[in-house]
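Student: The sequence and its predicted three-dimensional model are supplied below.
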Amino acid sequence: MSSMESKIPEHRAFHPPASFARNAEVAGMDAYHALCNEAERDYEGFWSRRARDLLHWSKPFTTVLDESDAPFCRWFDGGTLNASYNCLDRHLKNGNAQKVALIFEADDGAVTQITYGELHARVCQLANGLKELGVRLGDRVVIYMPMSIEGIVAMQACARIGATHSVVFGGFSAKSLQERVVDVGAVALITADQQVRGGKNLPLKAIVDEALAMGGCAAVRAVVVYRRTGGQIEWVEGRDRWMSELVANQPQSCDAEPVDAEHPLFVLYTSGSTGKPKGVQHCTAGYLLWALMTMQWTFDLKPDDLFWCTADIGWVTGHTYIAYGPLIAGATQVVFEGVPSYPDSGRFWDMIARHKVSIFYTAPTAIRALIKAAETNADIHPKQYDLSSLRLLGTVGEPINPEVWMWYHRNIGGERCPVIDTFWQTETGGHLIAPLPGATDLVPGSCTLPLPGIQAAIVDESGVEVPNGQGGLLVVKRPWPSMIRTIWGDPERFRSAYFPAELGGNLYLAGDGAIRDEFTGYFTITGRIDDVLNVSGHRMGTMEIESALVAHPLVAEAAVVGRPDDVTGEAISAFVVLKRSLPSGDEALQLISELRNWVGSEIGPIAKPKEVRFGESLPKTRSGKIMRRLLRSIANGEEVKQDTSTLENPAILEQFSASGDSTSSRGV
Ligand code: WTA
């Protein structure tokens, strides 16, 4: 959704279905307000009561919130617990060992089910295996895995022994992987021989080999390899171990290591406004608490629900709403290896029908692509599938256009399922602003109201709250348990990126613009306020892509901007100045393809620019600042209306505009 569109007043409202509201975890707006008031009145009590009741503690906490070193906050100090114990053992103790935990569907449709008892045994075996490899409490382990039972087992096994995991999305390049391995200081890496997506086998282990050979990774003592395809791979004796052999003779029990409430459960890298990704560090107790509370509140999870979140474990959504939330809540969930378009774009609907999914959580970008597909091929239109098992739908990752929301509500939800637009971020650990399905009236395109306990607000550039109806910066006024604790190895960047002095130094700055409705107070997110793009729901820093481009031997300078795209939300447009004369014709086309592939190998295929334009220089002010707004207009095909009088070399606007007409790689 473009920021223009978000300003169109939206008058449609959908009340919670009565049958739904009756049984909901939070039933009705009075219940919602009561929770908000409870948090307002007694903030620490609000959280401590839930932390005590909902988590299993090895040792109870003695303080609730310690803000003495704000913005570095500590929650539930004195307490110790284990994440894996909370996600697995407690269900075994409650007589749920036979309950199915994961229903894994492979790319080719093969289905494997695994109970909580079996999952526990496998996590214990791998945890014992990691200990055999010398992985200890506080060590870091990088996980570079496909969507799989084994990927979740790997995360839980790390948590079980108190090792901090850092999952790297399987679509990232060797270079991106190496940077993360080095930054986090990993001692071991868990990967697979290959991954299978959309009928294709893609390398993982080969990329690990390449990454580790780039240097700086001497701390990595072991590479554990899950055999997914049996494809050809190279083997480094003494370093590489097959997962199957490592776990074969390990006991099926392993004491869960109690760790401090603040112990780093994981570090997950995400893009920021500089070239270097940020290692977002999350803690154990506060993170788990919110993962569980939001499963109960936002998803209204019931014991017989079948939950399916289509994210990848390489992103935060796959952490909180696959690897931790559903497990700590004791849910049965579907885990999918493949892609929504294979073998055809009816795959999601077919899976919902076959498995009888009741709660479905996906990204607007997937819905938009599937709408397109359904419109052109009636055979895979959702009406061909029995979607009656669904009772709740959710979206995440980017704004959802009101029309896409309506299509989802009508065609997938049969007009009976609430559609929950959840706003949150890698840094927030879980949902921040989202409707409660049994309470909140839904308005397409709005994530509605902050969850109880979350003190979200909109402020101006000096940190002063703005009235409803006036846009501004989205902030959170008080620390909450699942928030980012620091940027791994860079506390100063944590402070300056999230608690900027201009806003007073005590407001959490989300990095998104937002506006509240004048009458309802509902929030609508208007998009990032920094140089971060959202492509298919994935965060991409423009600086990262620019750095990748200028690393190419032929590139002198590059600027990257986003432009609206029907399917991916935003698309990447790159403006490139070469170290040689302007190319044209076939030569230009060849260079475009080379640069796109280059970015793919520097960062990963998700970062490939959709279009590349060439010019003799970049439009800059006399003080040397790149005029990005101007580039955005060109990328959008708009006539340049901005004042260009300060521009050093106005002729290049023509070049870039023309270059888009003749040599754009649009549609590639
Ligand atoms: C955007 C994904 C509008 C936003 C969980 C945020 C959204 C960034 C929504 C975080 C939503 C996420 N409506 N925008 N419902 N959800 N965003 O860290 O710009 O990958 O800052 O976390 O995605 O992306 P991240």
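Tutor: Cool, the structure landed.
Student: And Gly660, how far from Glu638?
Tutor: Distance, Gly660 to Glu638, using CB to CB, to the nearest Å: 11 Å. For glycine as for every other residue, the C-beta is placed from the backbone atoms N, C-alpha and C.
Student: nope, Pro553 is what I was after
Tutor: From Pro553 to Glu638 the distance is 33 Å (CB to CB).
Student: re earlier: so which of Gly660 and Glu638 has more stuff around it?
Tutor: Gly660 (20 against 13; other CB atoms under 10 Å).
Student: Can you classify the more buried one by secondary structure?
Tutor: Of the three states, Gly660 takes helix under DSSP: H, G, I helix; E, B strand; the rest coil.
Student: Tell me which residues touch the closest residue to it other than its chain neighbours, please.
Tutor: The shortest distance from Gly660 to any non-neighbouring residue, by CB to CB, 6 or more residues apart in numbering, is to Arg613 (5.1 Å). Arg613 sits next to 573-576, 634, 656, 659-660, 663-664 when contact means CB atoms under 8 Å, 6 or more residues apart in numbering.
Student: With just CA atoms, put the helix or strand harbouring Arg613 into PDB.
Tutor: Assessed by DSSP states H and E, Arg613 sits inside strand 611-615. What follows is strand 611-615, C-alpha atoms only, in PDB (Å, rounded to 0.1, in the frame of the first residue of the first chain):
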ATOM      1  CA  GLU A 611      15.100  -2.400 -12.200                       C
ATOM      2  CA  VAL A 612      18.500  -0.900 -12.800                       C
ATOM      3  CA  ARG A 613      19.000   2.500 -14.500                       C
ATOM      4  CA  PHE A 614      22.200   4.100 -15.700                       C
ATOM      5  CA  GLY A 615      23.300   7.700 -15.700                       C
END
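Student: Parallel or antiparallel, which strands does it pair with?
Tutor: When pairing is defined by DSSP bridges, strand 611-615 lines up against strand 569-578 (parallel).
Student: tell me the pLDDT at Ile639?
Tutor: No Ile there; residue 639 is Glu. Listed pLDDT for Glu639 reads 79.
Student: For Leu653, which non-adjacent residue is spatially closest?
Tutor: Per CB to CB, 6+ apart, closest to Leu653 is Val640, 5.8 Å.
Student: again, but for Phe499
Tutor: Spatial nearest neighbour of Phe499, chain neighbours left out: Pro71 (4.2 Å); criterion: CB to CB, 6+ apart.
Student: okay, now that neighbour: neighbour count?
Tutor: Neighbours of Pro71 using other CB under 10 Å come to 19.
Student: Just to check, it is in contact with Pro479?
Tutor: Yes. If you go by CB atoms under 8 Å, Pro71 and Pro479 touch, sitting 7.5 Å apart.
Student: how about the helices of the stretch 301-450 of the chain, start to end?
Tutor: 316-318, 325-328, 347-355, 364-376, 402-407 (DSSP state H, counting those that start in this stretch).
Student: what residue ranges in this protein score low on pLDDT?
Tutor: By pLDDT under 70, the weakly predicted segments of the chain are 1-10, 661-668.
Student: Can you say which of the helices of the stretch 301-450 of the chain is nearest to Gly413?
Tutor: The closest of the helices of the stretch 301-450 of the chain to Gly413 is helix 402-407. By CB to CB, the value is 9.8 Å.
Student: which strands and helices sit next to that closest one?
Tutor: Helices and strands touching helix 402-407, by 3 or more CB pairs under 8 Å, 6 or more residues apart in numbering; DSSP states H and E, are helix 364-376.
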